[in-house]
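A.B. asks: Prediction below, plus the sequence it came from.
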Amino acid sequence: MKKTLSLLCAACLAVGVQAQTYMLNDFESGLNGANVAWGGDPAELIDNPCSSDDNSSAKALKVVSTDFANVAIPVNMPEGKTLADYTGVRVQLAVLEGSANITWVGCELGLLDNDTQYKMFNVAATSWGDATYNTWMSLDFNFNEDSVATYMAGDHTNTSLLIKVGRQAFTYAIDNVRLIEKEQVEDPNTIFTFETMELGPSARLAMPWSGTCEVVENPYTTGINSSAKALQVNGVECSPVTFSEALPAGKTWKDYSGIKFQLCFLESGFEWSGIEIGVRTDNGEHIKIGYAVDEAGAEGAAYGDYTPGEWLDVTLSIKSDLVTEEAESVKTMYLRLMKNNLSYLYDNLILIPASSSGIVDETVANDLKVYGAEGCIHVDLQKDMQVTVYSIDGRIVSSQMLSSGHHAIDLSKGIYIVNRNKVIVF
């Protein structure tokens, strides 16, 4: 990741697509309404010009751009879904021979109402570094949630994506246009569990200074974290890790008093250190809005003793006096571990509402109190209530009508959602 540019281009799409994307058009059965809306020659369905392990499709869409062509891809959503259920768009692109100057190209995503021709631009943007002729690469466009919400408020029922590759006199092929699914979590304060993300680098996660980060299979599923996936960070120079679209729609950072997450160190041999939370503005400025506090409530260490390969619970306090007007609505969050040259894991990032007591694993709401313990979940009810327990991947583990009073539900170690409340069984 370059220090001055967020490069949202994955190297190449891995063989086989997991269930975390929804295919809009693979062009195997034809154009299906895809067209060059303006700025180029008519869209042409062609044989895959550079079939490989990265893309072995039979067909693709050829675009000859004469003036920054915008390609329109009709959006046919699954039943019951809207654009708000997705974090962005993934498309494969290959620059065809004959195009000049194919380095550092900016790309843009927009939305088009096919009936009224109403257009909204800057719904998402992405870029790539160096390209190789006739080689498929994957581009991720990450939705600006506010822009998507504004478009949807207009009740547009017949929509196309507008994909613009920022070059004139430019010939390329696109294929396998997909929507990237949003993480499905019951608790609206849970912003990242990584469970529904594909393994590898993600457009929503970056290290803008130095180091690398990627979604990996959780190597340590014992103790307090039995999740299938986590984010692995290989940090250098105390580099922050950024999480785009981390601030829920309609909220500001002043709506939260802190954040809880799980942390696992992959190596030993270092002393206590602090962690801070902040935001990264569009111009690359980092503004700290919170930090770990010590027993006296002052800024201090986030952890003490630890064992490599063992998950820890960490809480950072968001300080309202640090949430400036410039910072309060920035959607890109960062976490910064104040140590050099460390490899570690993040998982299960949960914002703590300002109105909350700050306790995430023990919640009192709607006449219900629920908390995790060893081998079970405790439930205290003020009235008879349907209590449903979900696993972290959305499966119903238990659902029953319980009478008022105390109940214990036996469960194996792991993270569960109980009537919208996250609890941990250890």
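C.D. replies: Now that the structure is in, tell me what you want to look at. Bear in mind that the values here come from a model prediction, so they are computed numbers and not experimental data.
A.B. asks: how many other residues sit next to S343?
C.D. replies: S343 is flanked by 15 other residues according to other Cβ atoms under 10 Å. Every residue, glycine included, has its C-beta placed from N, CA and C.
A.B. asks: begin at 391 from here
C.D. replies: Happy to do that; since the first residue is 391 now, the last one works out to S733.
A.B. asks: residue contacts, it?
C.D. replies: Neighbouring residues of S733 by Cβ atoms under 8 Å, 6 or more residues apart in numbering: Q622, V623, N624, G625, F655, L656, E657.
A.B. asks: my read: the third one touches T602, true?
C.D. replies: Yes. Using Cβ atoms under 8 Å, N624 makes contact with T602 at a distance of 4.9 Å.
A.B. asks: Distance to L741 and neighbour count for the contacts of S733 - can I get that in JSON lines?
C.D. replies: Shown next, in JSON lines, are the contacts of S733 (distance: Cβ to Cβ, whole Å; neighbours: other Cβ atoms under 10 Å):
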{"residue": "Q622", "distance to L741": "22", "neighbour count": "20"}
{"residue": "V623", "distance to L741": "20", "neighbour count": "22"}
{"residue": "N624", "distance to L741": "26", "neighbour count": "16"}
{"residue": "G625", "distance to L741": "23", "neighbour count": "22"}
{"residue": "F655", "distance to L741": "23", "neighbour count": "21"}
{"residue": "L656", "distance to L741": "26", "neighbour count": "15"}
{"residue": "E657", "distance to L741": "29", "neighbour count": "11"}
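A.B. asks: Closest to L739 out of those residues?
C.D. replies: Nearest to L739, judged by Cβ to Cβ, of those is V623 at 12.8 Å.
A.B. asks: That closest one and S600 touch, don't they?
C.D. replies: No. Applying Cβ under 8 Å, one finds V623 not in contact with S600, separated by 11.4 Å.
A.B. asks: Which neighbours do these two have in common?
C.D. replies: Contact criterion Cβ under 8 Å, 6+ apart; no residue bridges V623 and S600 by contacting each.
A.B. asks: Would you mind giving the domain segments of this protein?
C.D. replies: Under the assignment automatic domain parsing, the domains of the chain span 399-571, 580-743, 752-815.
A.B. asks: So what's the gap between the longest one and the chain middle?
C.D. replies: So the one you mean is domain 399-571. 19 Å (Cα atoms, centre = their mean, to the nearest Å).
A.B. asks: What helix or strand is S537 located in?
C.D. replies: helix 535-542 (DSSP states H and E).
A.B. asks: same question for that helix, mean pLDDT?
C.D. replies: For helix 535-542, the mean per-residue pLDDT is 87.
A.B. asks: Check which helices and strands it is in contact with.
C.D. replies: Counting contacts by 3 or more Cβ pairs under 8 Å, 6 or more residues apart in numbering; DSSP states H and E, helix 535-542 is packed against strand 509-517.
A.B. asks: re the thing from before, give me the contacts around the helix holding S537.
C.D. replies: T472, L473, A474, L501, M510, N512, V513, A514, T549, E635, A639, K721.
A.B. asks: What does the pLDDT read for I677?
C.D. replies: Note on I677: pLDDT of 96.
A.B. asks: returning to what we had before: among the contacts of S733, which ones are in strands?
C.D. replies: The members of the contacts of S733 that map onto strands under DSSP state E are Q622, V623, N624, F655.
A.B. asks: quick one: low-confidence parts of this protein?
C.D. replies: 391-409, 573-577, 659-662, 684-687, 693-695, 745-757, 782-785, 810 (pLDDT under 70).
A.B. asks: For it, give the strand that spans the most residues.
C.D. replies: From DSSP E, the single longest strand across the chain is strand 449-464.
A.B. asks: Please list the strands that the helix or strand S788 falls within pairs with in its sheet, giving the direction of each pairing.
C.D. replies: Per DSSP H and E: S788 is located in strand 786-792. Partners of strand 786-792 in the sheet, by DSSP bridges, are strand 775-781 (antiparallel).
A.B. asks: Can you name the residues bridging to S781?
C.D. replies: For S781, the beta-bridge partners are Y806 (DSSP bridges).
A.B. asks: Distance of it relative to S802?
C.D. replies: Here the criterion is Cβ to Cβ, to the nearest Å. By it, S781 lies 10 Å from S802.
A.B. asks: Please identify which of those two sits among more neighbours.
C.D. replies: Using other Cβ under 10 Å, the more surrounded residue of S781 and S802 is S781, with 16 against 11.
A.B. asks: check contacts around the more buried one.
C.D. replies: V787, G804, Y806.
A.B. asks: And for C628?
C.D. replies: Shown in contact with C628 (Cβ under 8 Å, 6+ apart): R726, L727, M728, K729, N730.
A.B. asks: Can you tell me, leaving aside adjacent residues, what's nearest to the most centrally placed residue in the chain?
C.D. replies: Residue closest to the mean C-alpha point of the chain, counted by Cα atoms, centre = their mean, is R594 at 4.7 Å. Among residues not flanking R594 along the chain, S634 sits closest, at 4.7 Å (Cβ to Cβ, 6 or more residues apart in numbering).
A.B. asks: and the one you found, how far is that from W599?
C.D. replies: As judged by Cβ to Cβ, S634 and W599 stand 16 Å apart.
A.B. asks: Which one's more surrounded, these two?
C.D. replies: S634 (21 against 18).
A.B. asks: do you know how far that one is from N524?
C.D. replies: Distance from S634 to N524, by Cβ to Cβ: 31 Å.
A.B. asks: helix, strand or coil for A474?
C.D. replies: helix (DSSP: H, G, I helix; E, B strand; the rest coil).
A.B. asks: right, and N579 touches L739 too?
C.D. replies: No. The pair N579 / L739 is not scored as a contact, 9.5 Å apart, by Cβ under 8 Å.
A.B. asks: can you give me the strands in the stretch 691-816 of the chain?
C.D. replies: In the stretch 691-816 of the chain, the strands defined using DSSP state E, counting those that start in this stretch lie at 702-708, 723-727, 733-743, 752-755, 758-763, 766-771, 775-781, 786-792, 795-800, 804-808, 811-815.
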